[in-house]
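Trainee: Requesting a structural model of the entry that follows:
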Amino acid sequence: MSANSFRVCVVGAGSSGIAAVKVLAERGIEVDCCELSDRVGGNWVWGNRNGVSAAYRSLHINTSRQRMEFSDFPMPENLPDFARHDQIADYFAAYVGHFGFGDRIRFGTGVAHVEPEPDGSFSVTLSTGDTERYDAVLVANGHHWDPRMPEPMFPGAEGFRGEIMHSHSYTEEEQLAGRRVVVVGMGNSAMDIAVDASYHAAATYLSARRGVHVIPKYVWGKPYDQIAGKEWLPSALRWPVARKLMAAATGPMTRYGLPEPDHKFAQAHPTMSSRILDRLAHGAITPVPNIERFDGDEVVFTDGRRVAADLVVFCTGYKISFPFFDRDFLDPSGDNEIRLYRRVFHPGVPGLYFVGLVQPLGAIMPIAERQALLIADHLQGRYHLPGAAEMEREIDRHRRRISRRYVASKRHTIQVDYDDYMRDLRLERRRGARRPAGRTPADRPVASAAAREEIRA
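Mentor: The predicted structure follows:
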């Protein structure tokens, strides 16, 4: 039995899923991709029929297209540096068409249940009711679909006479028109929605629990991420330079009425927006502190200010969840803590891989592509994992680095630096190619394929 007779199921055909399917298909590996929607693209498809994607009409990329594109399929040069959602969705569709693997994707088909079997394979139950057996499962369902509301919710919310919603439910500017809007949060979605509201709402308030460093999309006439974004440049040099650059480009955040950040630049996931600083400077958005409570049709802030509001939009992030698993393989603490070797391999469940389950300071697409190459190497016996103890040590080291580097937040549990992580994946492929095989139970998918077939027969 050849290694390529493996059957692999990829969950999701968003940007990470299609990268994985393309790599596996090119290697001759039998792969099926299950996609709930009727097209590829995931969060970049506005009005996606899957019912879980979070695109809004004004959505544009925050990473420049040159740093976002797949390595062997450049984005069209006529696209702007920071392209719109439909342009990105069309790019993903063109990627699938160009490499000809669309027949590997089962559209309109979700994954309802994944069950590891005693022989090391997986029973995958589909939304159609069918159950199929696979030798490996690649999870690429994303982590921006299960909204996280404030925990606990602010007092008085149950009696608030306006509307409360999560940013996941925001789709177009008409939801804001003529209303008094409070946007809660300081991430990218919060900035985008606040800017949209500043043009369409009767009044716009931006509520911040803590300060952030806002990065303009252009610095010195170039996309910000093309100045110091180099894989060979170590972070110890990159971030001190970037901090001086950002300070010169924007000045202190207090100049715009925002709170002083309690951390250095790059010690939290970046907030990218050129428009928010302009709208704040023109008084179109009023910055306010954190919410203290709701009172009738008013929102009361921690400094005692009150504003009448018709709509409060919580941009408070997402839970990392996998509804197709019976039990929680990844997050026993319930705190978004993910234990994966190199952010890809589950050390306790052989044949279970994760693609795109990172929050990078940069784009996810080239990362997913490189992760998929690592997985394909493992499936075909070209790459081998270290022993179980070494994998656990690597996971612990990564978690310690995260806790030292970033401010405490549920969004930082899967954080990586784009260039550092891309380099790490490249070097890990080399290290794994030199390791002996079978040092850990997780390092056995190819070796056990024939044995599994005998068990099934």
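Trainee: Strands of the stretch 151-300 of the chain, start to end?
Mentor: All strands of the stretch 151-300 of the chain, identified by DSSP state E, counting those that start in this stretch, fall at 163-166, 180-184, 203-207, 214-215, 218-219, 222-223, 271-272, 286-288, 291-295, 298-301.
Trainee: ditto for the stretch 351-457 of the chain
Mentor: For the stretch 351-457 of the chain, the strands defined by DSSP E, counting those that start in this stretch cover 352-354, 359-360, 415-416.
Trainee: Give me whichever of the ones you listed is most buried.
Mentor: Greatest average neighbour count among these goes to strand 352-354 (a mean of 24), per mean count of other Cβ atoms under 10 Å. In short, each C-beta sits where N, CA and C put it, glycine included.
Trainee: Rounded mean pLDDT for that one, please.
Mentor: For strand 352-354, the mean pLDDT works out to 96.
Trainee: Can you name every helix or strand that that strand contacts?
Mentor: Here strand 352-354 touches strand 136-139, going by 3 or more Cβ pairs under 8 Å, 6 or more residues apart in numbering; DSSP states H and E.
Trainee: what separates the strand it packs on from the chain centre, distance-wise?
Mentor: Relative to its parent chain, strand 136-139 has a centroid offset of 17 Å by Cα atoms, centre = their mean, to the nearest Å.
Trainee: Who are the contact partners of the closest residue to Val358 other than its chain neighbours?
Mentor: Distance criterion Cβ to Cβ, 6 or more residues apart in numbering; nearest residue to Val358, sequence neighbours excluded, is Val416 at 4.8 Å. Counting by Cβ atoms under 8 Å, 6 or more residues apart in numbering, Val416 touches Arg343, Val358, Gln359, Pro360, Leu361, Ile367.
Trainee: can you check Ser169 too?
Mentor: Taking Cβ under 8 Å, 6+ apart, one finds Pro147 in contact with Ser169.
Trainee: swap in Met149?
Mentor: His166, Phe314, Thr316.
Trainee: Next, format the residues you listed as JSON lines and append distance to Gln66, pLDDT and neighbour count.
Mentor: Shown next, in JSON lines, are those (distance: Cβ to Cβ, whole Å; pLDDT from 0 to 100; neighbours: other Cβ atoms under 10 Å):
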{"residue": "His166", "distance to Gln66": "32", "pLDDT": "98", "neighbour count": "19"}
{"residue": "Phe314", "distance to Gln66": "33", "pLDDT": "98", "neighbour count": "24"}
{"residue": "Thr316", "distance to Gln66": "31", "pLDDT": "94", "neighbour count": "21"}
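Trainee: picking up where we left off before, just give me the closest of the contacts of Val416 to Val307.
Mentor: Closest to Val307 out of the contacts of Val416 is Gln359 (31.8 Å), distances taken as Cβ to Cβ.
Trainee: Bridge partners for the closest one, pull those for me.
Mentor: Gln415 (DSSP bridges).
Trainee: any idea how far it lies from Tyr318?
Mentor: 10 Å (Cβ to Cβ, to the nearest Å).
Trainee: same check, this time on Leu357
Mentor: For Leu357, the distance to Tyr318 - Cβ to Cβ - is 12 Å.
Trainee: residues shared between the contacts of those two?
Mentor: His143.
Trainee: Of these two, which one has the most company?
Mentor: Leu357 (23 against 19; other Cβ atoms under 10 Å).
Trainee: so what's that one up against?
Mentor: Val139, His143, Ile320, Ile338, Leu340, Arg343, Ile414.
Trainee: cool, and Leu79?
Mentor: Contacts of Leu79 (Cβ under 8 Å, 6+ apart): Arg65, Gln87, Tyr91.
Trainee: Check His143 too.
Mentor: Contacts of His143 (Cβ under 8 Å, 6+ apart): Tyr318, Ile320, Leu357, Gln359, Ile414.
Trainee: Please produce CSV containing the residues you listed, extended by distance to Val114 and pLDDT.
Mentor: Listed next are the contacts of His143 as CSV, based on distance: Cβ to Cβ, whole Å; pLDDT from 0 to 100:
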residue, distance to Val114, pLDDT
Tyr318, 20, 91
Ile320, 16, 89
Leu357, 15, 93
Gln359, 23, 87
Ile414, 20, 84
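Trainee: which two in the residues you listed are spaced the farthest apart?
Mentor: Tyr318 and Leu357 (12.1 Å).
Trainee: thought Met165 was touching Asp310?
Mentor: No - Met165 is not in contact with Asp310 according to Cβ atoms under 8 Å; the separation is 11.5 Å.
Trainee: higher neighbour count, the two?
Mentor: A direct count of neighbours by other Cβ under 10 Å for Met165 and Asp310 places Asp310 higher, at 17 against 14.
Trainee: Just give the closest residue to Ala112, not the sequence neighbours.
Mentor: Thr125 (4.8 Å).
Trainee: hang on, the earlier thing: adding distance to Gly28, write the strands of the stretch 351-457 of the chain out as a markdown table.
Mentor: Formatted as a markdown table, the strands of the stretch 351-457 of the chain follow (distance: least, Cβ to Cβ, whole Å):
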| stretch | distance to Gly28 |
| --- | --- |
| strand 352-354 | 18 |
| strand 359-360 | 30 |
| strand 415-416 | 30 |
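Trainee: quick one: the helices in this protein?
Mentor: 15-26, 65-68, 85-99, 188-200, 235-250, 275-281, 365-379, 388-405, 418-434, 449-456 (DSSP state H).
Trainee: and Asp326, which of those helices is closest to it?
Mentor: Across the helices of the chain, closest to Asp326 is helix 449-456 (Cβ to Cβ), at 21.1 Å.
Trainee: Mean confidence (pLDDT) on that closest one, please.
Mentor: According to the model, helix 449-456 has a mean pLDDT of 44.
Trainee: and if you look at stretch 46-53?
Mentor: Per-residue scores along stretch 46-53 average to 91.
Trainee: how long is it end to end?
Mentor: Stretch 46-53 stretches 8 Å from its first residue to its last (Cα to Cα, to the nearest Å).
Trainee: chain center to it: distance?
Mentor: 16 Å.
Trainee: Next, the buried residues of that stretch.
Mentor: Of all the residues in stretch 46-53, those buried under the rule 16 or more other Cβ atoms under 10 Å are Trp46, Asn48, Asn50, Val52, Ser53.
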